[in-house]
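Trainee: Need a 3D model of the sequence below.
(2 chains)
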Number of protein chains: 2
Amino acid sequence: MSPRSKERFEFDTIRLDDSLSESQYSQLEGQIRSAISGRLLSAGTRVPSSRKLAQILGISRNTVLTAYEQLISEGYLETVRGSGTRVAGLPPEAFEFDEHPQLPLTGTATAECLSAAGRRLTELAKSFPSAADRATPFRPHLPAVDEFPVAVWNRFANERARWSSQQLNHCDPQGFPPLREAIAEYMAISRGVACAAEQVVVTSGAQQGLSLVMQLLIEPNDTVWVEEPGNAPANQLLELARARVVPVPLDAEGIDVSGMPTRGGKPKLIYVTPGGQWPMAMTMSLNRRLELLTVAQRHESWVIEDDYNGEFRYTGRPHPALCSLDQSGRTIYMGTFSKMLFPAIRLGFLIVPPKLSQTFAYARWLHDRFSPPLTQMVLHRFIESGNFLKHIRRMRSLYNDRQKFLYHSLLEHLKTHIEVDLPESGLHLVVRGVTARAEDRLIAAAKRAGVEYHSVKMYSREPKAVRGIILGFAAFDKQATEKAIRDWSVELARSSP
Amino acid sequence: MSPRSKERFEFDTIRLDDSLSESQYSQLEGQIRSAISGRLLSAGTRVPSSRKLAQILGISRNTVLTAYEQLISEGYLETVRGSGTRVAGLPPEAFEFDEHPQLPLTGTATAECLSAAGRRLTELAKSFPSAADRATPFRPHLPAVDEFPVAVWNRFANERARWSSQQLNHCDPQGFPPLREAIAEYMAISRGVACAAEQVVVTSGAQQGLSLVMQLLIEPNDTVWVEEPGNAPANQLLELARARVVPVPLDAEGIDVSGMPTRGGKPKLIYVTPGGQWPMAMTMSLNRRLELLTVAQRHESWVIEDDYNGEFRYTGRPHPALCSLDQSGRTIYMGTFSKMLFPAIRLGFLIVPPKLSQTFAYARWLHDRFSPPLTQMVLHRFIESGNFLKHIRRMRSLYNDRQKFLYHSLLEHLKTHIEVDLPESGLHLVVRGVTARAEDRLIAAAKRAGVEYHSVKMYSREPKAVRGIILGFAAFDKQATEKAIRDWSVELARSSP
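Mentor: Down below sits the predicted model:
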């Protein structure tokens, strides 16, 4: 039982909020009910007379009477002749438990009782960054949610809400079929990828897409090539699946698989982020794309194309997606709406070979059934109505401005200490100190100034070999960006020799 | 590209719906935009004049002009001097792809390229029951979603929607903290389980709870005891984790572990549904609960208590939950809101030992991040306001009526052919034919009458040994139930000797 429930309930702590659409008596009723349920009011306690409580709260006596009546009818209160109204012997839902229940599960269960995967997860959990509620510049992985057209979205949600009980029931585990149609259409128009709705598998985001791909494709001891530095959570999933994770170096054109030895085993899978590498932000060149596909075909490898921010490209013509260049059908495309719209949407998708879509759908069903149909319906409407492309267009232009602004602010205030590139795409920049010592000073100053960042080391399997500070810019306006950079440079000046 | 896009678009297929809150010009604009995006209208196609289109659709010319102007400003249409308005050369978002794009991923990728788990999932997917959109009597696993107070839920959703961008961003992977508080409080009040909010891990439902538990607790070759017949999808997850799944027999008091040999290995985990066994519907007796915990303690086994429908108990006093009887901290409790509220909610929870909650949260994060915060916030409000317990109470009474009604209808119309028990809890009944032949005839008649059912065989690892027809009653009113039973008995009469 939560500590709260040990306290006694004071009726004058009841607060009725006029700005809510919920009526006063219903609010009153709810708060007394919770107090009884939560054992703040114990059985037999006398409640104030309706006149008294009305006075305390400054409301009409009828409101109190209405609330009391309802609670009596529900069995929370009872009227005892001659002694007023009291909290009933047992709340209607009460289970007769021990007066002093103990916390269950306080036994010896610890990480030692877990599987190898469980023990590894316990280790990993220790270094999990505790995300403060309010993001500050320059936390990466965040789109500009303040700019999301919430009103339009809610309008669609409310239209749908009136429709039917379809939104309350089970849903196709592969995804709401009209949404899959809309995604296939969008992929053709916007990303140059031609696919059928039957190939689209709706997921709860890119991460679930990865989790499913790995279960379906990877055996223990399979070799998997990944970008170095790269997507650390993807690598963790691979390791939990007991894959042999082999890092492949990057250069300005992206991953370079040409010189990779295969003595340790041909790669069963190659995981890449060609649209804008995470975290180094370069775009994979067309030559490298073709080379990668040739190597994959030679080794009979699967290719996972994680296009987590493919829409946010600011300069240059987009290269064709790997999955549209691939003639051999070895590429699985992963998309997500977390970055395109907002992280809380929990919707993404895979594009898989037609013969495998049923298998993916079944795996989804077995692990967590299906995505909420209402959200899928609203997203479908959001896409069909043109609001989706309109929002993407607005955000592309906004992020382009924010990217340039951060870049120029960095050069203006920190020029002599840093190196920084302006990538063609993405929602973050990577800053390096001009020397290793300069980078240490930059990081120390960022910490003192309260500037949020990720380090490239966090995404590296060889952390000693890499440098770089990752700055996400998409969620922060010019004012916030300018202030953070100024604070940072002030702190840096203090510590500089 | 989807087949639809090969067709040509006819302007007179545009349909404007007056009942929508979306304005006519916005609807018109959206439909033309989609037609262009979807290549139903190819570049250079002349669109009808505003006067003409207004006439065709029976709307004002201004409406058409407003829509055209918007589409011109967005680059979907262009005005060519002297030749009217045409579809622009390229939609603004267009990627210059091949005129005749091929389906990607049409290569040789088939089940043979998958992992062992992937191949097994491909097999399992073949027997996946295709759930028709509209459920008919007596499909199991469905609560009465028609009775859900959608208006209250939507009111809370809309209140929250006004609040902040908090609902759009990332969320604690362990679950929205006030919801975890509310769940802990509810478990104390209603289920007699005392736990702290820190022990609650919000999941996307019982199935994800299972999936996480298995990754954290089970190694390949670990022995797991399960009820026979039992929860088939749980068994499939266990097998994918390469566990040795050992069926344990049931009797009227539930699972009987007393006589189980451990030559093949002590059980690492015992999975049970004590509140109302799936699918046989008996409640586990108090003695059996204590015996199970003693055996688990002796073997140092984990116990998974899947309380998927623990709220729906109609007679008798509830037995204490295993996790509240357990003094050794080996029981993990699984709950779900799918049955208590509605399947599309995609929220459930685990109660885990305090020392393991961070590990579970991290595993959740790694596999699919977190549950949508808005839904968690609305559910929290729904519980705190008393609506949750009110709904549970209403449903318990409704399901009790429906259970009795189905039971008596079965006895009235099929008496001489069947055996049926009236269990203390649950959302389904199990009917057996008086003989194996009688059961075959019952099943054949059900199929002809369009009566939906699951068979106990579907949930058995020894399908030849079991009989029984599972009938879900919760989602169907008396009229629907009566009609289905009548149709069934008519079909049965036709085939009876």
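Trainee: just for chain A, where's the confidence low?
Mentor: Within chain A, the stretches with pLDDT under 70 are A:1-10, A:12-13, A:19-21, A:34, A:37-40, A:73-75, A:89-111, A:129-133, A:160-165, A:496-497.
Trainee: ok, longest helix in it?
Mentor: When chain A is parsed with DSSP state H, its longest helix is helix A:387-414.
Trainee: If you count neighbours, what's buried in it?
Mentor: Residues of helix A:387-414 classed as buried: A:387-392, A:395-396, A:398-399, A:402-403, A:405-407, A:409-410, A:413-414 (neighbour count, 16 or more other Cβ atoms under 10 Å in any protein chain shown). (Glycine included, C-beta is placed from N, CA and C.)
Trainee: can you tell me which of those are up against chain B?
Mentor: A:389, A:390, A:392 (Cβ under 8 Å from any Cβ of the partner chain).
Trainee: Just list the residues touching the spatially closest residue to the last one that is not a sequence neighbour, thanks.
Mentor: So that's residue A:392. Leaving aside its sequence neighbours, residue A:392 sits nearest to residue A:311 (Cβ to Cβ, 6 or more residues apart in numbering or on different chains; 5.2 Å). Going by Cβ atoms under 8 Å, 6 or more residues apart in numbering or on different chains, residue A:311 touches A:190, A:339, A:340, A:392, A:395, A:396.
Trainee: mind listing the strands for chain A?
Mentor: A:77-79, A:85-87, A:200-203, A:223-228, A:244-251, A:254-255, A:267-272, A:302-306, A:331-336, A:348-351, A:418-420, A:428-433, A:454-455, A:469-472 (DSSP state E).
Trainee: Can you tell me which residue is spatially central in chain A?
Mentor: What sits nearest the mean C-alpha location of chain A, by Cα atoms, centre = their mean, is residue A:343, with 4.5 Å.
Trainee: Correct me if wrong: it contacts residue A:144.
Mentor: No - counting by Cβ atoms under 8 Å, residue A:343 does not reach residue A:144; the two are 11.5 Å apart.
Trainee: correct me, but residue A:116 touches residue B:218?
Mentor: No - here residue A:116 does not reach residue B:218: they are 10.1 Å apart, not a contact under Cβ under 8 Å.
Trainee: Could you check which of those two has the larger neighbour count?
Mentor: Between residue A:116 and residue B:218, counted using other Cβ atoms under 10 Å in any protein chain shown, the more crowded position is residue B:218 (24 against 11).
Trainee: wait, isn't that one in contact with residue B:244?
Mentor: No - between residue B:218 and residue B:244 there is no contact under Cβ under 8 Å: 10.0 Å.
Trainee: Spit out the residues that contact those two alike.
Mentor: Contacts common to residue B:218 and residue B:244, judged by Cβ under 8 Å, 6+ apart, are residue B:224.
Trainee: re earlier: can you put the strands of chain A in a markdown table and add distance to residue A:375?
Mentor: Listed next are those as a markdown table, based on distance: least, Cβ to Cβ, whole Å:
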| stretch | distance to residue A:375 |
| --- | --- |
| strand A:77-79 | 40 |
| strand A:85-87 | 41 |
| strand A:200-203 | 10 |
| strand A:223-228 | 31 |
| strand A:244-251 | 33 |
| strand A:254-255 | 34 |
| strand A:267-272 | 27 |
| strand A:302-306 | 22 |
| strand A:331-336 | 14 |
| strand A:348-351 | 12 |
| strand A:418-420 | 38 |
| strand A:428-433 | 27 |
| strand A:454-455 | 28 |
| strand A:469-472 | 25 |
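Trainee: need the contact list for residue A:64.
Mentor: Counted by Cβ under 8 Å, 6+ apart, residue A:64 has contacts A:25, A:28, A:50, A:53, A:54, A:57.
Trainee: Tell me how many other residues surround the last one.
Mentor: Which is residue A:57. 18.
Trainee: So it is in contact with residue A:14, correct?
Mentor: Yes - if you go by Cβ under 8 Å, residue A:57 and residue A:14 touch, sitting 6.0 Å apart.
Trainee: Mutual contacts of those two, please.
Mentor: With Cβ under 8 Å, 6+ apart as the test, residue A:57 and residue A:14 both reach residue A:28.
Trainee: and residue B:475, which of the strands of chain A is closest to it?
Mentor: strand A:200-203 (24.7 Å; Cβ to Cβ).
Trainee: Please name the strands paired to that closest one in the sheet, noting orientation.
Mentor: When sheet partners are counted by DSSP bridges, strand A:200-203 sits next to strand A:348-351 (antiparallel).
Trainee: Can you list the buried residues in the strand it pairs with?
Mentor: A:348, A:349, A:350, A:351.
Trainee: And the strands of chain A: which comes nearest residue B:450?
Mentor: strand A:200-203 (30.2 Å).
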